[in-house]
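**Q** Kindly generate the corresponding structure for this input.
(one chain, ligands or ions: 2)
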Amino acid sequence: MNFGVIGAGQMGGGIAQVAAQSGFDVLVQDVQQAFLDRGRATIEKSLAKLHEKGRLADAPDVVLGRIRFTMELQDFADSDLVVEAIVENEAVKAELFRTLGGIVKPSGILASNTSSIPITALASASGRPERFIGMHFMNPVPLMQLVEVIRGYQTSDETARIVTETAEQMGKTPLPCNDFPGFVSNRILMPMLNEAIQCVMEGVAEPEAIDGIMKLGMNHPMGPLTLADFIGLDTCLSIMEVLHRGLGDDKYRPSPLLRKMVQAGLLGRKSGQGFYTY
Ligand SMILES: CC(=O)CC(=O)SCCNC(=O)CCNC(=O)[C@H](O)C(C)(C)COP(=O)(O)OP(=O)(O)OC[C@H]1O[C@@H](n2cnc3c(N)ncnc32)[C@H](O)[C@@H]1OP(=O)(O)O
Ligand SMILES: NC(=O)C1=CN([C@@H]2O[C@H](COP(=O)(O)OP(=O)(O)OC[C@H]3O[C@@H](n4cnc5c(N)ncnc54)[C@H](OP(=O)(O)O)[C@@H]3O)[C@@H](O)[C@H]2O)C=CC1
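**A** Ligands and ions are numbered 1, 2, ... in the order given. You can find the predicted model right below:
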């Protein structure tokens, strides 16, 4: 399978890596060489770690050898499946899919790894709504089991079947859902993270105590503020805005502190500072 990935950030890099681990020929695109270099370095580090633990079937070099890096969208003409993992912004994603729809061969499937943006709207932009779907991986992709498979209004049964089988070939567990704001994962997860941020703002407890209470009290692997920093506070804000706008209920209102931190450029782990310093 010719497997395409757009965006070499934390999600795109992880998706490309797992696709290559499964034996697919992978092509990754980003808008600057520096982002491609950073993505490649992250993949190398992750492969080395998995190899050290005996969790890779092939040598890291062999897996890496299946991944090509490019800045040209035209290179995706022959892709069988392209997964988009660029910034969580509907206008930017729609523009990309308008372009990709004119490049990728007609039988190719286009998928978005979006956390919350309506699949049906992106499908319309692509010009091939029956061969468009949400393929939502979890962070960190090499370690997390789930792929949420989101059908848009016009997604065909054939497209859903191919993408489900592909996720299984990647060693993941695909679970289906329909196209509603935030799908299942972020409709349930993100309000909890937002509430934890609101607790910081209201002085209910210090960040370390909030995280500790949720880790020790609920057996969560990471506290909500650590997880928000890990996901990226900009991505968390975008998701809350989609939930608030899409469901029209003030219970999804983004915390003003979350908004302020994003305005200040405190995006969590990826910027070096969020609720914690990295
Ligand atoms: C926003 C969205 O749209 C959707 C989302 O993705 S929401 C986010 C979903 N993800 C989560 O909720 C993650 C919650 N956290 C966890 O499940 C766990 O903390 C975790 C799986 C990330 C890590 O597991 P952990 O038990 O805490 O152990 P930890 O010691 O931190 O890491 C385990 C090992 O994996 C390694 N590891 C971490 N990331 C890795 C990666 N990308 N590749 C390879 N190895 C990795 C670590 O280096 C560590 O190795 P050592 O044992 O040698 O130190
Ligand atoms: N973070 C998470 O935990 C999860 C995120 N997602 C979703 O995955 C997507 C990517 O998130 P994430 O990897 O965290 O984000 P990152 O910021 O790590 O990566 C996004 C990448 O896409 C690049 N990019 C931005 N605009 C374009 C464009 N027009 N064309 C090509 N590349 C572009 C970015 O470059 P630049 O640096 O210039 O912005 C960056 O390299 C989002 O839709 C997000 O909601 C899904 C599951 C989990």
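**Q** For the rest of this, base every contact and every neighbour count on C-alpha atoms.
**A** Will do.
**Q** Could you count how many residues lie near the residue of the stretch 51-200 of the chain found nearest ligand 1?
**A** Closest residue of the stretch 51-200 of the chain to ligand 1, C-alpha to the nearest ligand atom: residue 138 (3.4 Å). Using other C-alpha atoms under 10 Å, residue 138 has 20 other residues around it.
**Q** which non-adjacent residue is nearest it?
**A** Distances taken as C-alpha to C-alpha, 6 or more residues apart in numbering put residue 144 closest to residue 138, at 5.9 Å, once the chain neighbours are dropped.
**Q** That neighbour and ligand 2: what is the separation?
**A** 10 Å (C-alpha to the nearest ligand atom, to the nearest Å).
**Q** So that residue: helix, strand or coil?
**A** Put simply, residue 144 is coil when judged by DSSP: H, G, I helix; E, B strand; the rest coil.
**Q** Same question for residue 68.
**A** Judged by three-state DSSP, the three-state class of residue 68 is strand.
**Q** My understanding was that it contacts residue 27; is that so?
**A** Yes - with contacts counted by C-alpha atoms under 8 Å, residue 68 reaches residue 27, the gap being 4.8 Å.
**Q** These two - which one has more neighbours?
**A** Legend: neighbour count by other C-alpha under 10 Å for residue 68 and residue 27, higher for residue 27 (21 against 14).
**Q** tell me which element that one falls in.
**A** Per DSSP states H and E, residue 27 falls inside strand 25-29.
**Q** could I have that strand exported to CSV, CA atoms only?
**A** Extracted in CSV, the C-alpha atoms of strand 25-29 (Å, rounded to 0.1, in the frame of the first residue of the first chain):
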residue,chain,number,x,y,z
ASP,A,25,5.6,2.4,1.7
VAL,A,26,5.1,5.8,3.4
LEU,A,27,5.4,9.3,2.0
VAL,A,28,5.4,12.2,4.5
GLN,A,29,4.9,15.9,3.6
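**Q** tell me which strands and helices it is in contact with?
**A** On a contact count with 3 or more C-alpha pairs under 8 Å, 6 or more residues apart in numbering; DSSP states H and E, strand 25-29 meets strand 2-6, helix 10-21, strand 67-70.
**Q** Check which element follows that strand along the chain.
**A** helix 33-52.
**Q** I'd like to know how far the closest residue to residue 155 other than its chain neighbours sits from residue 158.
**A** Using C-alpha to C-alpha, 6+ apart and skipping residues adjacent in sequence, the residue nearest residue 155 is residue 130, 4.2 Å away. Using C-alpha to C-alpha, to the nearest Å, we find residue 130 at a distance of 9 Å from residue 158.
**Q** and what of residue 216?
**A** 44 Å.
**Q** What of residue 224?
**A** Taking C-alpha to C-alpha, one finds residue 224 at 37 Å from residue 158.
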